[in-house]
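>>> pasting the structure only:
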């Protein structure tokens, strides 16, 4: 009984004296420290200026492009823009994926969000919100395949 208590106390004192991970002297294998000017314990953050793309579904190499277009809206600089966009694909088709790419540089374009349709339908709906005074420019690609007519298979 006494030996267990002594081993436990030795273990606790070892942990307090020698921490297992020291982030300053032993960085993670996945982290590279470029500078040591950051004070210990502080948090540094930066807003990333990345495009706001929306990808719906999974594209396969066998899918064909059913529809593609540029959607551009300019803002006069005095408001936020909120838009609901619906794109219908003509004919009997099955959408497998839709890629909506933000074409405005430095992440200053609109923020698209999924609203409906897409995979398994012949349309896709998405909403767009912009920052104050900004517009948007999206390049939309819709992939899928055409459905066969039922009358052709019946003969």
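Structure's in. What do you need? Just so you know, these numbers come straight off a predicted model, no measurement behind them. Numbers count the residues shown, from 1 in each chain.
>>> residue contacts, residue 145?
Residues counted as contacts of residue 145 (Cβ atoms under 8 Å, 6 or more residues apart in numbering) are 62, 63, 64, 93, 94, 96. For every residue, glycine as well, the C-beta is placed using N, CA and C.
>>> Tell me which two in the residues you listed are the farthest apart.
Taking every pair in the contacts of residue 145 and measuring Cβ to Cβ, the maximum separation is 14.3 Å, between 62 and 93.
>>> can I assume residue 7 sits in a helix?
Yes - assigned with DSSP: H, G, I helix; E, B strand; the rest coil, residue 7 falls within a helix.
>>> Can you report how many residues neighbour it?
When neighbours are counted by other Cβ atoms under 10 Å, residue 7 registers 10.
>>> got it, and residue 140?
19.
>>> Report the spatially nearest residue to it, omitting neighbours in sequence.
residue 100 (5.2 Å; Cβ to Cβ, 6 or more residues apart in numbering).
>>> Tell me where the chain has strands.
With strands called from DSSP state E, the chain shows them at 54-57, 64-73, 82-88, 93-102, 111-117, 123-129, 136-146.
>>> could I get those strands as TSV with distance to residue 5?
As requested, the strands of the chain are exported to TSV (distance: least, Cβ to Cβ, whole Å):
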stretch	distance to residue 5
strand 54-57	59
strand 64-73	72
strand 82-88	66
strand 93-102	63
strand 111-117	59
strand 123-129	62
strand 136-146	67
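>>> Can you check the pLDDT for the residue nearest to residue 97 when sequence neighbours are not counted?
Closest residue in space to residue 97, ignoring its immediate chain neighbours: residue 57 at 3.4 Å, by Cβ to Cβ, 6+ apart. Looking at residue 57, its pLDDT is 94.
>>> low-confidence ranges in the chain?
Under the criterion pLDDT under 70, the flagged ranges of the chain are 10-47, 149-155.
>>> try it again with 90
For the chain, the stretches flagged by pLDDT under 90 are 1-52, 74-81, 104-110, 130-135, 148-155.
>>> before we move on, back to that, thought the residue nearest to residue 140 was touching residue 112?
Yes - assessed by Cβ atoms under 8 Å, residue 100 is found in contact with residue 112 at 5.2 Å.
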